[in-house]
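1. Sharing a model prediction with you, sequence too.
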Amino acid sequence: MAILSLIQGFLASIGAAVLGLCQAAGHLTLFAGASTSHIVRPPIYPVELWRQFLRIGYFSLPVVGLTALFTGAALALQIYIGGSRFNAESVVPSIVAIGMTRELGPVLGALMVAGRVSASIAAEIGTMRVTEQIDALTTLSTNPLKYLVVPRLVAATIALPMLAFLGDIIGIMGAFLVGVGRLGFNEATYIQITWDFLEFGDVTSGLIKAAVFGFIIAMMGCYHGYNSGRGAQGVGRATTNAVVSASVLIFASNYVLTEILFAA
């Protein structure tokens, strides 16, 4: 009987976890649907949208640029060392360009922005929830989703492709500097190989991914902040959950988008 009770308790805990996950997924889907539906409906808050665009896009440029620069430089070194085993050192420019534009640029940039922006959004909206400012907006006949969530969703969805594009350029430039200054590539040859192998679809696929990642980052920050628990502990938990869930969904959606965009 004791063993049976342990088995039942173990299965019950698994069932409770699955039900909790389904419930959370349902709440998130309803929240995302309600928020997205307000994007195309007036009123529009252009000042708030511009402010969020600056916070999410412009002020994230330094961390995204530095991440892309050192990622491209390290990637060039690793590909050169690996390629030297097969006398294929010349593939460095092409692989770096494809890797940065398709995967590393949008994914690493999104992860950096998630750590910075998603946490900030969750903390800000969570604090507004705790201090009842969201209730005050409702009292003043202002839809909280329209005023708080929509500008952040739109700003992040627009800003992330721009950041990813700049990150691609900076990352390829970092690899170029290492290739020319450290690995002995000719400047003109390196640029020509990069230009010959890089296709338009490589760049656009990364930008599409970045737009989806931006939506995910803002949605996770807004969702966890909007549904934050009471007190400082609730806001801290919302901030942590926003970053973790955004990071996991970025990796998961990256795989799905790769399957869709590069299906054999």
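-> Thanks, I have the structure now.

2. can you list the weak-confidence ranges in this structure?
-> Along the chain, segments meeting pLDDT under 70 span 1-2, 88-89, 264.

3. any idea which helix is longest in it?
-> When the chain is parsed with DSSP state H, its longest helix is helix 2-37.

4. other SSEs contacting it?
-> With contacts defined as 3 or more Cβ pairs under 8 Å, 6 or more residues apart in numbering; DSSP states H and E, the packing partners of helix 2-37 are helix 150-181, helix 200-226. Where C-beta positions appear, they are placed from N, C-alpha and C, glycine not excepted.

5. got the contact list for the helix or strand following it?
-> Later in the chain than helix 2-37, the nearest helix or strand by DSSP states H and E is helix 46-56. With contact meaning Cβ atoms under 8 Å, 6 or more residues apart in numbering, helix 46-56 is reached by 113, 117, 120, 147, 151-152, 154-156, 158-160, 214, 218.

6. Between the helices and strands packed on helix 2-37, which one is closest to Asn254.
-> helix 200-226 (6.3 Å; Cβ to Cβ).

7. Show the contacting residues for the one residue sitting closest to the centre of the chain.
-> Note on the chain: the residue nearest the mean C-alpha position is Ala110, at 3.1 Å, using Cα atoms, centre = their mean. If a contact means Cβ under 8 Å, 6+ apart, then Ala110 has Leu160, Ala164, Lys209, Ala210, Phe213, Gly214, Ile216, Ile217, Ile250 as its contacts.

8. And Gly221, by the same measure?
-> Applying Cβ under 8 Å, 6+ apart, we find Gly221 in contact with Val117, Ser118, Ala119, Ser120, Ile121, Ala122, Ile125, Arg152, Ala242, Ala246.

9. among those, which two are most distant?
-> Farthest apart among the contacts of Gly221 by Cβ to Cβ are Ile125 and Ala246. That separation is 14.2 Å.

10. ok, Pro106 touching Gly214?
-> No: using Cβ atoms under 8 Å, Pro106 is not in contact with Gly214; the gap is 9.6 Å.

11. Now do the shared contacts for those two.
-> Common contact partners of Pro106 and Gly214 (Cβ under 8 Å, 6+ apart): Leu160.

12. Torsion angles phi and psi at Arg85?
-> Backbone torsions for Arg85, taken as degrees, to the nearest 10, come to phi -70, psi -20.

13. How many residues are close by it?
-> By the measure other Cβ atoms under 10 Å, the count of residues near Arg85 is 8.

14. Please apply the same query to Thr189.
-> For Thr189, using other Cβ under 10 Å, the count is 13.

15. From here on, call the first residue 17.
-> Understood, numbering begins at 17; the last thing we discussed is Thr205.

16. Can you point out the helix or strand that includes it?
-> helix 203-213.

17. Just want the angle from that helix to helix 166-197.
-> Between helix 203-213 and helix 166-197, the angle comes out at 130 degrees (axes from the mean of the first three to the mean of the last three Cα atoms, to 10 degrees).

18. in helix 203-213, what counts as buried?
-> Buried residues in helix 203-213, counted by 16 or more other Cβ atoms under 10 Å: Tyr206, Ile209, Thr210.

19. now stretch 71-89
-> Neighbour counts over stretch 71-89 (16+ other Cβ under 10 Å) mark 71-73, 76-77, 80-81, 83-85, 87-89 as buried.

20. Quick check: the gap between Pro59 and Pro160.
-> 13 Å (Cβ to Cβ, to the nearest Å).

21. Only C-alpha atoms, please: export stretch 202-219 in PDB.
-> Taking Å, rounded to 0.1, in the frame of the first residue of the first chain, the C-alpha atoms of stretch 202-219 are listed here in PDB:
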ATOM      1  CA  ASN A 202      43.400  39.700 -48.100                       C
ATOM      2  CA  GLU A 203      40.900  42.500 -47.500                       C
ATOM      3  CA  ALA A 204      39.400  42.500 -51.000                       C
ATOM      4  CA  THR A 205      39.300  38.700 -51.200                       C
ATOM      5  CA  TYR A 206      37.500  38.400 -47.800                       C
ATOM      6  CA  ILE A 207      34.900  41.000 -48.800                       C
ATOM      7  CA  GLN A 208      34.400  39.400 -52.300                       C
ATOM      8  CA  ILE A 209      33.900  35.900 -50.800                       C
ATOM      9  CA  THR A 210      31.400  37.300 -48.200                       C
ATOM     10  CA  TRP A 211      29.400  39.100 -50.900                       C
ATOM     11  CA  ASP A 212      29.400  36.100 -53.300                       C
ATOM     12  CA  PHE A 213      28.100  33.600 -50.800                       C
ATOM     13  CA  LEU A 214      25.700  35.700 -48.900                       C
ATOM     14  CA  GLU A 215      22.200  35.600 -50.300                       C
ATOM     15  CA  PHE A 216      19.200  37.900 -49.800                       C
ATOM     16  CA  GLY A 217      17.200  35.100 -48.200                       C
ATOM     17  CA  ASP A 218      19.800  34.600 -45.500                       C
ATOM     18  CA  VAL A 219      19.300  38.200 -44.400                       C
END
